[in-house]
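In: generate a structure from the sequence data that follows.
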Amino acid sequence: MSAKAVEDVFAHESLIGQEFDLESGPLWRVALYETGVDSQNGGCFIALTISHIITDGSGVLELFRRIVQNPRNNSPIKKSIGLAPRAEDTMNLWPAFIPAAKSLFQEIFIQTVHTLLRAYVRKIPFWPTPSSILAKPVQCKTRRTFLDFEDDKDSMVSGLKRFDVVTGCGTLHSLIPTANLIALLAAIENSRHAGALLNEEPFAITNETPIAFRSEKDDHPPPTGNYTGVGEFSSLASKLKTPIIRDLSTIYGNRIHSPEGRQEALRRTGMLRLIPDFPSIIPKNSNTFKIEGSKVTPCPTGWESFLLIQADSPAPYRSSFAASNLGLLSPSSIADTVVQSMSGLWFAQSPMPCGSAIYLDVVSCKSNDDANSPEGKSQLGIAISWLDGVFDDKFMPYFVRALTDILRTFSTSCIESGDAANILSDIHVDFCRTCNT
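Out: Now for the predicted structure:
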């Protein structure tokens with residue numbers, strides 16, 4: 001197979017991934033795509049496509065590392081004796097009573113409340129609100145774009161790390177989502193539906209961040225199994241405009257990485273077990289399934305039914321965006337021949353019509369064998385995925401440009417001295433957003 005760009009690889013692999021047979025497998029595959037560039041030296045893309053059923057983000061990176069660790073390894077494959085231990089058997093996923101009761105009422109039993117009373121008990125609406133959704137996500141196809149910092153004189157990874165050292169704004173795990181928040185506020189302000197949003201009741205911006213809990217002491221296998229909690233950061237859009245960039249990044253980092261935040265992420269994942277597992281919650285007029293008497297074809301679980309109903313509702317999404325950062329693929333852990341020829345690494349999830357409106361997936365690598373060089377050729381791979389047609393045609397291009405400019409501004413502010421970085425970190429988010437608008 002051949003591909004001219006990374007977008008072509010992801011588009012083709014996404015279609016193949018949708019055809020995975022969940023009952024008989026296989027649930028993952030590796031493919032090589034010739035690039036047509038430097039063909040004499042074997043230029044190609046290596047694609048790893050894997051179902052979320054069998055692993056999470058940290059497992060994907062570890063599996064990829066093992067694949068490229070020794071490309072010429074012909075040793076026999078050891079078959080697994082059994083399945084990976086379940087997360088609920090190795091970690092405490094039980095949610096606290098009050099948050100669980102509140103979530104059950106707002107997510108499932110809200111339909112039983114009289115219409116006049118729903119406004120007092122439902123969740124605060126978040127972007128995208130129904131007025132900003134132009135098409136149902138279930139009717140839209142996946143689209144992706146990849147941020148390109150290859151032509152930057154300075155490494156984006158190194159620049160963002162220096163920005164943290166000088167300003168104390170936080171690591172890439174909090175800086176990138178902070179930049180995403182600012183870019184999203186600017187794109188909303190620039191949207192054709194900005195006027196309608198301003199006339200609506202206050203709305204929030206919500207962010208989901210997967211947090212890895214994979215642990216050797218809990219007998220979690222390195223490349224398989226799902227051991228991820230979902231951290232949440234939520235705030236009214238109006239309140240996000242007032243803090244300075246340094247404070248917003250710090251608040252976000254503390255929220256996601258504190259012991260309390262990590263425990264809440266586990267409990268939030270445990271909320272999934274509270275979804276009723278029976279198909280009777282399917283409306284009789286549903287077009288999703290064929291209902292003949294008491295038989296539903298195909299017979300879904302209550303979990304599937306709940307999500308499909310949610311996806312078909314006026315407010316289908318679970319959060320505004322999801323920011324996932326797999327971290328750095330260490331050069332010391334893979335073959336030298338691979339390190340010397342690797343020019344980039346990307347990771348992307350498939351957006352769901354009942355998931356997050358925008359997916360921001362981040363992974364980084366070094367394309368040389370000098371792991372200790374502060375100015376090494378660190379490549380930052382950022383993939384942005386969404387369902388095309390949900391927003392107006394100018395929204396996502398504007399958001400992508402704003403995010404690129406903000407990250408590049410953060411990264412380059414330390415080149416001459418730390419003064420520019422400190423001034424930038426003390427700017428109010430609303431001023432930064434206005435500049436991008």
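
In: secondary structure element holding Ala357?
Out: According to DSSP states H and E, Ala357 maps onto strand 356-366.

In: any idea how far the helix or strand just after that strand is from the chain center?
Out: Later in the chain than strand 356-366, the nearest helix or strand by DSSP H and E is strand 378-388. Going by Cα atoms, centre = their mean, to the nearest Å, the spacing between the C-alpha centre of strand 378-388 and its chain's C-alpha centre is 9 Å.

In: which strands and helices sit next to the helix or strand just after strand 378-388?
Out: The C-terminal neighbour of strand 378-388 among helices and strands, as given by DSSP H and E, is helix 395-412. Packing contacts for helix 395-412, counted by 3 or more Cβ pairs under 8 Å, 6 or more residues apart in numbering; DSSP states H and E, involve strand 141-147, helix 156-167, helix 172-190, strand 378-388, helix 419-425, helix 429-436. Backbone N, C-alpha and C define where each C-beta goes, glycine included.

In: how does it look with 6 Å?
Out: The helices and strands touching helix 395-412, judged by 3 or more Cβ pairs under 6 Å, 6 or more residues apart in numbering; DSSP states H and E, are helix 156-167, helix 172-190.

In: possible to save the ones you listed as TSV with mean neighbour count and distance to Ile53?
Out: Supplementary listing: these in TSV, determined by neighbours: other Cβ atoms under 10 Å; distance: least, Cβ to Cβ, whole Å:
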stretch	mean neighbour count	distance to Ile53
helix 156-167	21	31
helix 172-190	24	26
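
In: next, format those helices as CSV and append mean pLDDT and distance to Asp426.
Out: Rendered in CSV, the data for the helices and strands packed on helix 395-412 read as follows (pLDDT from 0 to 100; distance: least, Cβ to Cβ, whole Å):
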stretch, mean pLDDT, distance to Asp426
helix 156-167, 85, 8
helix 172-190, 90, 14
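
In: CSV for the ones you listed, including distance to Trp28?
Out: Rendered in CSV, the data for the helices and strands packed on helix 395-412 read as follows (distance: least, Cβ to Cβ, whole Å):
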stretch, distance to Trp28
helix 156-167, 28
helix 172-190, 26
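
In: so Gln349 is in contact with Ile358, correct?
Out: No - Gln349 is not in contact with Ile358 according to Cβ atoms under 6 Å; the separation is 11.1 Å.

In: these two: which is more packed in?
Out: In this comparison of Gln349 against Ile358, neighbours counted by other Cβ atoms under 10 Å, the higher total goes to Ile358 at 29 against 20.

In: could you measure the residue lying closest to the more buried one once chain neighbours are set aside against Met271, distance?
Out: Taking Cβ to Cβ, 6 or more residues apart in numbering as the measure, Ile358 lies nearest to Phe321, with 4.1 Å between them; neighbours along the chain are not counted. In this structure, Phe321 lies at 19 Å from Met271, with Cβ to Cβ, to the nearest Å as the measure.

In: before we move on, what about Tyr359?
Out: As defined by Cβ to Cβ, Tyr359 lies at a distance of 20 Å from Met271.

In: same question for Thr224.
Out: With the distance defined as Cβ to Cβ, Thr224 ends up 24 Å from Met271.

In: repeat for Gln310
Out: 14 Å.

In: so what's Leu326 up against?
Out: The neighbourhood of Leu326, defined by Cβ atoms under 6 Å, 6 or more residues apart in numbering, consists of Gly57, Leu61, Phe347, Val363.

In: give me the subset of these lying in helices.
Out: Gly57, Leu61 (DSSP state H).

In: please, where are all the helices along the stretch 201-350 of the chain?
Out: With helices called from DSSP state H, counting those that start in this stretch, the stretch 201-350 of the chain shows them at 237-240, 245-257, 259-270, 302-311, 336-341.

In: OK, contacts around Ser51?
Out: When contacts are counted by Cβ under 6 Å, 6+ apart, Ser51 is found next to Phe20, Leu27.

In: and if you look at the one 3 residues further on?
Out: Ile54 makes contact with Leu27, Thr224, according to Cβ under 6 Å, 6+ apart.

In: if I look at it, what pLDDT would I see?
Out: Here the pLDDT value assigned to Ile54 is 91.

In: ok, it to Ile309 distance?
Out: To Ile309, Ile54 is 26 Å away according to Cβ to Cβ.

In: how many residues are close by Arg401?
Out: Arg401 is flanked by 14 other residues according to other Cβ under 10 Å.

In: if you could redo that for Gln139, that was the one I meant.
Out: A total of 11 residues lie near Gln139 under the criterion other Cβ under 10 Å.

In: which residues touch stretch 209-216?
Out: Residues outside stretch 209-216 that contact it (Cβ under 6 Å, 6+ apart): Gly57, Ser58, His220, Tyr227, Thr228, Gly229, Gly231, Ile256, Ala265, Ala323, Ser324.

In: name the member of those residues that has the highest neighbour count.
Out: Neighbour counts for the contacts of stretch 209-216 peak at Ala323, which has 27 neighbours (criterion: other Cβ under 10 Å).

In: tell me what that residue is bridged to.
Out: With DSSP bridges applied, the residues forming beta bridges to Ala323 are Leu360.

In: ranking helices and strands of this protein by mean pLDDT, which lands last?
Out: The least trusted helix or strand in the chain, going by mean pLDDT, DSSP states H and E, turns out to be strand 295-297, with a mean of 51.

In: low pLDDT regions in the stretch 301-437 of the chain?
Out: Across the stretch 301-437 of the chain, the stretches falling below the confidence threshold (pLDDT under 70) are 301-302, 331-333, 335-340, 367-377, 416-418, 431-437.

In: make it 50
Out: Applying pLDDT under 50 to the stretch 301-437 of the chain picks out residues 369-372, 374-375.

In: picking up where we left off before, wait, which of the contacts of Leu326 is closest to Phe395?
Out: Nearest to Phe395 out of the contacts of Leu326 is Phe347 (Cβ to Cβ; 23.7 Å).

In: hang on, the earlier thing: which one, of the helices and strands packed on helix 395-412, ends up nearest to Glu34?
Out: Taking Cβ to Cβ as the criterion, helix 156-167 is the member of the helices and strands packed on helix 395-412 that comes nearest to Glu34, at 27.7 Å.

In: show me what that closest one is packed against.
Out: Counting by 3+ Cβ pairs under 6 Å, 6+ apart, the packing neighbours recorded for helix 156-167 are strand 378-388, helix 395-412, helix 419-425.
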